[in-house]
Every structure is written in structure tokens, then in C-alpha cells.
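Undergrad: I would like the atomic coordinates for the input below:
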Amino acid sequence: MRKPIVLVLLLLAPVLLHADRKKAVEKFNDAQKQLSRKNLPKAEKLLQESIQLDSSFIAPHQLLGDIQYGTRRYNAAADEYTTALKLNDTEQVLKPEQLHVITNNLGVAIALAGNMEKAKQTFEDAIRQDPDYPIYHYNLACTYAELGELDPAMRELQLAWKLRNNLGEGEQFPDPRKDSSFKNYLNDPKFQETVQNMVF
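TA: Coordinates of the predicted model:
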């Protein structure tokens with residue numbers, strides 16, 4: 001007697017999943033509208049509702065992370081970025097440039113939350129996945145600098161500069177002379193030698 005019910009439920013599951021995704025997308029779109037109106041609390045609430053409807057929908061995790069990052073809730077933001085990346089491991093829907101943004105935001109959020117060792121590991125892992133993307137190397141250089149490890153910081157900074165032609169459309173190479181991560185080294189000969197031939 002139970003088998004037909006189970007079969008019906010199994011048959012309905014994809015339909016329900018599709019319906020939940022549709023509602024989740026609607027909540028996400030509404031959240032984007034609220035964000036464009038600078039209504040962050042409403043946007044955040046809608047994103048949380050979107051995630052409740054379909055927790056495997058990557059976009060609201062990323063955007064919620066962005067809001068939390070922008071409001072300095074770095075641990076919460078890191079959790080959302082981590083979830084988005086884990087979901088993409090299965091779904092493989094993010095484009096490389098999207099992966100770059102989320103991964104960079106994740107590493108920086110972790111660093112700003114005060115966990116430099118974990119931030120370093122995040123960028124090292126990212127480089128293993130995509131060794132030719134310069135900003136991963138740049139952010140790893142920043143992390144080393146924050147840790148007081150100037151030599152590896154300069155090696156990563158030099159490598160980032162060499163790979164600068166791999167920047168995505170609209171991306172610019174950061175000026176390390178204006179980056180707070182390097183503020184303690186502005187007068188250091190090693191830092192000056194590294195950046196002297198960089199043109200911004």
C-alpha cells in the first residue's frame with residue numbers, strides 16, 4: 001500500500017524542487033531590486049527567504065555574502081561564500097570570473113576577520129586550482145605582508161605582476177603602494193625594488 005505513495009512522492013519531488021527554485025529566483029530578483037534602492041535589511045531578508053526555499057541556489061548565497069561583507073560581518077560573509085563555492089563543486093555553474101570574485105572575497109573576508117593563516121590557505125588553495133590568475137597571487141602577497149613575511153610576499157607580488165595580462169575584462173592591477181597591507185614596507189628596499197618597474 002505504501003509503495004504507490006512513495007512513488008507518487010518521488011515523482012512529485014522534481015516538480016516541487018522546480019517550484020521552489022522558481023520562488024527562490026523571484027525572491028532573489030526582488031532582493032536585487034531592494035539592493036538597488038539601498039534597502040539592505042529588506043534585501044537581506046529576501047535573500048534569506050530565497051535560501052530557505054532552495055538552499056542549493058548559489059546566487060543568493062553570493063549576494064548575501066556581499067551584503068554581509070559590505071557591512072563588515074566578515075565571518076558571516078565567509079560562510080556564505082564558502083557555501084556558494086561548495087555548491088558549485090557539484091553544480092559547476094559559475095563562470096571563471098564569478099569564481100574569481102567569490103574566492104577573492106572569501107579570502108579577504110577571512111583576513112579581515114583576523115584569521116590570516118586561514119586566508120593564506122584559502123589563496124594557496126585557489127592558486128592550485130587556477131595558478132595563472134594574478135589577483136590570487138596578489139592577495140596571497142598581501143596576506144604574507146600582513147603576517148610579516150616580506151620575502152614570500154614580494155615573490156607573490158612579482159608573480160602577480162608577471163601574470164597581469166590574465167586579468168579579466170574590466171579588472172585592474174592594484175597599486176601595492178596604496179594598499180594598506182604593504183604600509184609597513186613602503187620604505188623597505190625590497191619592497192621598493194619590487195614595485196619600481198610596475199606601471200599603474
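
Undergrad: CA atoms for contacts and neighbours, from now on please.
TA: OK.

Undergrad: show me the chain divided up by domain.
TA: Listed by automatic domain parsing, the domain ranges of the chain are 1-114, 116-200.

Undergrad: Serialize those domains to TSV and add fields for mean pLDDT and mean neighbour count.
TA: Shown next, in TSV, are those (pLDDT from 0 to 100; neighbours: other CA atoms under 10 Å):
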stretch	mean pLDDT	mean neighbour count
domain 1-114	88	18
domain 116-200	96	17
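
Undergrad: which residue is the nearest non-sequential neighbour of the residue nearest in space to the middle of the chain?
TA: Centroid-nearest residue in the chain, with CA atoms, centre = their mean: Ile102, separated by 1.9 Å. Once flanking residues are discounted, Ile102 sits nearest to Tyr81: 6.1 Å by CA to CA, 6 or more residues apart in numbering.

Undergrad: need the contact list for that neighbour.
TA: Residues near Tyr81 by CA atoms under 8 Å, 6 or more residues apart in numbering: His61, Gln62, Gly65, Ile102, Thr103, Asn105, Leu106.

Undergrad: so which of the residues you listed sit within helices?
TA: Among the contacts of Tyr81, the residues falling in helices (DSSP state H) are His61, Gln62, Gly65, Ile102, Thr103, Asn105, Leu106.

Undergrad: residues in contact with the nearest residue to the first one once chain neighbours are set aside?
TA: Translated: His61. Nearest non-adjacent residue to His61, counting by CA to CA, 6+ apart: Glu80, 5.2 Å away. Contacts for Glu80 (CA under 8 Å, 6+ apart) come out as His61, Gln62, Leu64, Gly65.

Undergrad: please apply the same query to Lys86.
TA: Counting by CA under 8 Å, 6+ apart, Lys86 has no contacts.

Undergrad: quick check, nearest of the contacts of Glu80 to Glu169?
TA: The nearest member of the contacts of Glu80 to Glu169, counting by CA to CA, is Gln62 at 20.4 Å.

Undergrad: from what I see, that closest one and Thr82 are in contact.
TA: No - Gln62 is beyond contact range of Thr82, at 9.1 Å (criterion: CA atoms under 8 Å).

Undergrad: which parts of the protein are strands?
TA: Ranges of strands in the chain, per DSSP state E: none exist.

Undergrad: show me where it has helices.
TA: Assigned by DSSP H, the helices in the chain fall at 2-36, 40-53, 58-70, 74-91, 96-112, 116-129, 134-146, 150-162, 189-195.

Undergrad: quick one: the third one to helix 96-112, angle?
TA: So that's helix 58-70. Relative orientation of helix 58-70 versus helix 96-112 (axes from the mean of the first three to the mean of the last three CA atoms, to 10 degrees): 40 degrees.

Undergrad: same question, the fourth one
TA: Here the directions of helix 74-91 and helix 96-112 differ by 150 degrees (the same axes, to 10 degrees).

Undergrad: mind checking how far helix 74-91 is from the chain centre?
TA: 8 Å (CA atoms, centre = their mean, to the nearest Å).

Undergrad: can I get the CA coordinates of that helix in CSV?
TA: Coordinates of each C-alpha in helix 74-91 appear next as CSV, following Å, rounded to 0.1, in the frame of the first residue of the first chain:
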residue,chain,number,x,y,z
TYR,A,74,33.2,39.1,7.7
ASN,A,75,32.7,35.7,9.3
ALA,A,76,29.1,35.5,8.1
ALA,A,77,30.1,36.6,4.7
ALA,A,78,32.9,34.0,4.6
ASP,A,79,30.3,31.3,5.5
GLU,A,80,28.1,32.3,2.5
TYR,A,81,31.0,32.5,0.1
THR,A,82,32.1,29.0,1.3
THR,A,83,28.6,27.6,0.7
ALA,A,84,28.5,29.1,-2.8
LEU,A,85,31.8,27.5,-3.7
LYS,A,86,30.9,24.2,-2.3
LEU,A,87,27.6,24.2,-4.2
ASN,A,88,29.5,25.0,-7.4
ASP,A,89,31.8,22.0,-6.8
THR,A,90,28.7,19.9,-7.5
GLU,A,91,26.7,22.1,-9.9
